[in-house]
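Q: sequence below, structure please.
(2 chains)
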Amino acid sequence: MSSIPHDQAVAGHTDGHAGDHNEGHGYHPTGIMRWITTTNHKDIGTLYLLFSLTMFFIGGCMALTIRAELFQPGLQIVHPEFFNSLTTLHGLIMIFGAIMPAAVGFANWQVPLMIGAPDMAFARMNNWSFWLLPPAAFMLILSFFVPGGAAAGGWTLYPPLSVQAGMGMDLTIFAIHIMGASSIMGSINIITTILNMRAPGMTMMKLPMFVWTWLITAYLLIAVMPVLAGSVTMLLTDRHFGTSFFNAAGGGDPVLFQHVFWFFGHPEVYIMILPSFGIVSQIIPTFARKPLFGYASMVYAVASIAILSFLVWAHHMFTVGMPAAGLLFFMYATMLIAVPTGVKVFNWLATMWKGSMTFETPMLFAIGFLFLFTMGGFTGLVLALTPIDIQLQDTYYVVAHFHYVLVAGSLFAFFGGAYYWLPKWTGTMYNEKLGQWHFWSSMIFFNITFFPMHFLGVAGMPRRIPDYAQQFADWNMVVSIGAFGFGLSQILFVVAVIKCIRGDGAKAPAKPWEGADTLEWTVPSPAPHHTFETPPVIA
Amino acid sequence: MVTNHSPRTDDGAHLRSANLRTALAVGAIAVLFFVGVIAAQFVGDSMVGMSVVSAAVLLFLAFAIGRNLRK
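A: Alright, predicted model coming up:
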């Protein structure tokens, strides 16, 4: 069972009673202090989402600068060193500043509402988790202005480049530490909330799929964030305290860093994609007007993906030199992930099959996600084959693959989720025409940007270079045009969000979507500041 | 880690202590992995140490997720 039938859930008090946490003592800060001191999960969710949108545009501007440089062969706009910093910071900002905070923003808004909890388990820690992020982001951006410039060795921070780099690398390491601490605190909060604060009667196998995917994501974060923190700590001591964990000159092993990094890095991909799976699993049944097909198998598939994600890290480093048995193991283990992923894709399609479907913006983004993520999955299978991967390592084929997974995967699902829940968050329906324009322009320009990268990669164009051979010029021009189109398309999203926040649109009813049946739709729109102070009873 | 079969209780103190136990358990695991990944470098062959940490991470995940699947 994927959701709670509307008539079986009895919502608790949803009035503005201020009895929650530290807000119930007559102190009600307003203005900026409200946002700095808030412990309300909805406020903090909003902060996360706005922060991630800001970082998305900062990272996006870096991407557009990269594409402007690559519009034609030769060096014309930026210095090669700065170009390398841009590729590095674009990756770090999009992953740690945009995608992960967006997912946490969705969790903050939706998890308590979907399980009938009044708030997150640790409201003050929730506030702290968020407010760690802006200083970390500031440090990352500040690194551009310190002697030696920002980190330029790629978001993977491989030694020896990261050991030899300037002060920008130290700021990057500290920023990663802070963002990692924020993620771990957020995960502890989410795990505790889901395990201990569910409404009476809501057993684990009655949890909405989005909540399940976030529970497993939170476990993944607890497992891998300390590994990343440990590896960058060792990097820091190699740089400043005379150790030689990864410094070959002192007897260290740079390849060891790659192993440790990717032991974090590959599960990290699923940390970014599992919440998207959850969002899509809420949207498709709603607009197909059918229950999610194979709920239990979806839960098992997500669990399998999470566990398998720890057994495949070395497929990122087939070219470093590995015994044949290692190559074979990691190749087959990687291909094995296609099985639970295939189960999920099959279940989404089966949910739509013979459904009474309508194609509002959230559904369009969900279907767009399904189509493009599946393509990214297929190219992942191609890269899983060791002999092919050795040819395509560090080419634009890899860039195309992971952007199909992370942009069309995570980002499209987040857009779909935002349009799906904006009426609940703001009390105003988004502008459907604007949403449809946003979807179609994003879909078209996304493919113009990233599909030709497959051709460039197969032809041998290496990634992370500011200049390239003349033979790659035509497709690079197409890619750059697509990138600017994709970037401009996102302004439509900002306009749609601002219109909702300003109340410029039809008033949203409590349940604007006919097929929606999870608990959040039992409270008014916009969701009151305090919800479910009396727990709903799930039959 | 504490999970309740009948999840939410009206007893605020009981809920708070259950939350605290869950958080401390999960937080302790995170600290253990952080220390473990660094300590593994000092244990003879670092690959052996890393393998132990990796196995511990995998076991944690299998246990943490698996115990919730039955409910």
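Q: contacting residues around residue A:500?
A: Taking CB atoms under 8 Å, 6 or more residues apart in numbering or on different chains as the criterion, residue A:500 is in contact with A:422-423, A:425-426, A:428-430. For glycine as for every other residue, the C-beta is placed from the backbone atoms N, C-alpha and C.
Q: taking the stretch 251-400 of chain A, what residue is nearest to chain B?
A: Nearest to chain B in the stretch 251-400 of chain A, going by CB to the nearest CB, is residue A:303, at a distance of 4.8 Å.
Q: I'd say residue A:156 and residue A:266 touch.
A: No. Assessed by CB atoms under 8 Å, residue A:156 is found out of contact with residue A:266, at 11.6 Å.
Q: quick one, which of the two is more surrounded?
A: Under the criterion of other CB atoms under 10 Å in any protein chain shown, the comparison of residue A:156 against residue A:266 puts residue A:266 first, with 22 against 17.
Q: give me the pLDDT value at that one.
A: For residue A:266, the pLDDT comes out at 93.
Q: and whichever strand or helix holds residue A:85, what does it pack onto?
A: Per DSSP states H and E, residue A:85 falls inside helix A:80-92. The criterion is 3 or more CB pairs under 8 Å, 6 or more residues apart in numbering or on different chains; DSSP states H and E, and the helices and strands that helix A:80-92 contacts are helix A:41-69, helix A:133-142, helix A:167-196.
Q: what are the contacting residues of that helix?
A: Contacts with helix A:80-92, where a contact means CB under 8 Å, 6+ apart, come from A:59, A:62-63, A:65-66, A:69, A:78, A:140-141, A:143-144, A:149-155, A:168, A:172, A:175-176, A:463-464, A:466-467.
Q: one more: stretch A:31-44?
A: Counting by CB under 8 Å, 6+ apart, residues outside stretch A:31-44 touching it are A:20-23, A:28-29, A:47, A:108-109, A:111-112, A:119-120, A:123-124, A:126-127, A:129-131, A:425, A:527, A:529-530.
Q: could you look up the SS state of residue A:514?
A: coil (DSSP: H, G, I helix; E, B strand; the rest coil).
Q: got the contact list for the closest residue to it other than its chain neighbours?
A: Nearest residue to residue A:514, sequence neighbours excluded (CB to CB, 6 or more residues apart in numbering or on different chains): residue A:289, at 6.6 Å. Contact analysis of residue A:289 by CB under 8 Å, 6+ apart lists A:355-357, A:514-515.
Q: which one of these sits in the busiest neighbourhood?
A: residue A:515 (19 neighbours).
Q: quick one: which helix or strand includes residue A:534?
A: Using DSSP H and E, no helix or strand contains residue A:534.
Q: please report the distance of residue A:396 from residue A:403.
A: 10 Å (CB to CB, to the nearest Å).
Q: what do you get for residue A:262?
A: 19 Å.
Q: likewise residue A:314?
A: Distance from residue A:314 to residue A:403, by CB to CB: 22 Å.
Q: what's the answer for residue A:299, then?
A: Separation of residue A:299 from residue A:403 (CB to CB) stands at 28 Å.
Q: so for the two, which sits in the more crowded spot?
A: residue A:299 (23 against 20).
Q: tell me the buried residues in the helix or strand where the more buried one lies?
A: Assessed by DSSP H and E, residue A:299 sits inside helix A:295-308. By neighbour count on 16 or more other CB atoms under 10 Å in any protein chain shown, the buried set for helix A:295-308 is A:295, A:297-299, A:301-308.
Q: between those residues, which is nearest residue A:255?
A: Nearest to residue A:255 among the buried residues of helix A:295-308 is residue A:308, at 23.1 Å by CB to CB.
Q: can you tell me the closest non-neighbouring residue to the closest one?
A: The shortest distance from residue A:308 to any non-neighbouring residue, by CB to CB, 6+ apart, is to residue A:337 (4.9 Å).
Q: neighbours of the one you found, how many?
A: Neighbours of residue A:337 (other CB under 10 Å): 22.
Q: and the pLDDT at it?
A: On pLDDT, residue A:337 comes in at 93.
Q: which residues does it contact?
A: Residue A:337 neighbours (CB under 8 Å, 6+ apart): A:305, A:308-309, A:312.
Q: go again with 10 Å.
A: If you count contacts by CB atoms under 10 Å, 6 or more residues apart in numbering or on different chains, residue A:337 has them with A:266, A:270, A:304-305, A:308-309, A:311-312, A:315, A:377, A:380-381, A:384.
Q: who in the stretch 1-150 of chain A is up against chain B?
A: Contact residues (CB under 10 Å from any CB of the partner chain) of the stretch 1-150 of chain A with chain B: A:115-118, A:120-122, A:125.
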